[in-house]
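1. Provided below are the primary sequence and the corresponding predicted coordinates.
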Amino acid sequence: MNKIHINSESIRLSQLLKLANAVGSGAEAKFVVQGGQAKVNGERELRRGRKLKPGDLVEYAGMIYEVVSGAE
């Protein structure tokens with residue numbers, strides 16, 4: 001499981017995918033999410049603007065990313 005550290009209360013799903021280097025651009029993140037390829041807390045998520053908070057788990061391309069509060 002990969003931990004993605006954020007310094008704010010939340011992060012959008014598309015931003016998390018970019019921050020994790022799971023996608024190369026915002027456009028790619030849009031297609032990934034709207035294509036139903038990402039899951040949040042085990043459920044398919046189609047909203048790229050979905051706000052994630054610490055403790056949320058994102059699954060994409062066989063990887064799991066955990067949103068964590070604070071710097072590494």
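-> Now that the structure is in, tell me what you want to look at. Numbering: from 1, shown residues only.
2. in the strand ranked longest in the chain, which residues are buried?
-> Across the chain, the longest stretch assigned as strand under DSSP state E is strand 63-69. Using 16 or more other CB atoms under 10 Å as the test for burial, strand 63-69 gives 65, 67. Backbone N, C-alpha and C define where each C-beta goes, glycine included.
3. do stretch 37-46 as well
-> 37-38, 40, 45.
4. can you pull out the helices in the chain?
-> Using DSSP state H, the helices of the chain run over 13-19, 26-34.
5. can you list contacts of stretch 44-55?
-> With CB atoms under 8 Å, 6 or more residues apart in numbering as the contact definition, stretch 44-55 has outside contacts at 6, 9-14, 16, 29-30, 33-34, 36, 38-40, 58, 66-69.
6. okay, it in CSV with CA atoms only?
-> Below are the C-alpha coordinates for stretch 44-55, written out as CSV (Å, rounded to 0.1, in the frame of the first residue of the first chain):
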residue,chain,number,x,y,z
ARG,A,44,-16.3,2.3,-8.1
GLU,A,45,-16.1,6.1,-8.3
LEU,A,46,-17.0,8.0,-11.4
ARG,A,47,-16.6,11.6,-10.0
ARG,A,48,-13.0,12.9,-10.6
GLY,A,49,-13.8,15.7,-8.1
ARG,A,50,-14.6,13.3,-5.3
LYS,A,51,-13.1,14.7,-2.2
LEU,A,52,-10.8,12.3,-0.3
LYS,A,53,-9.8,12.7,3.3
PRO,A,54,-7.2,11.0,5.4
GLY,A,55,-8.0,7.3,5.8
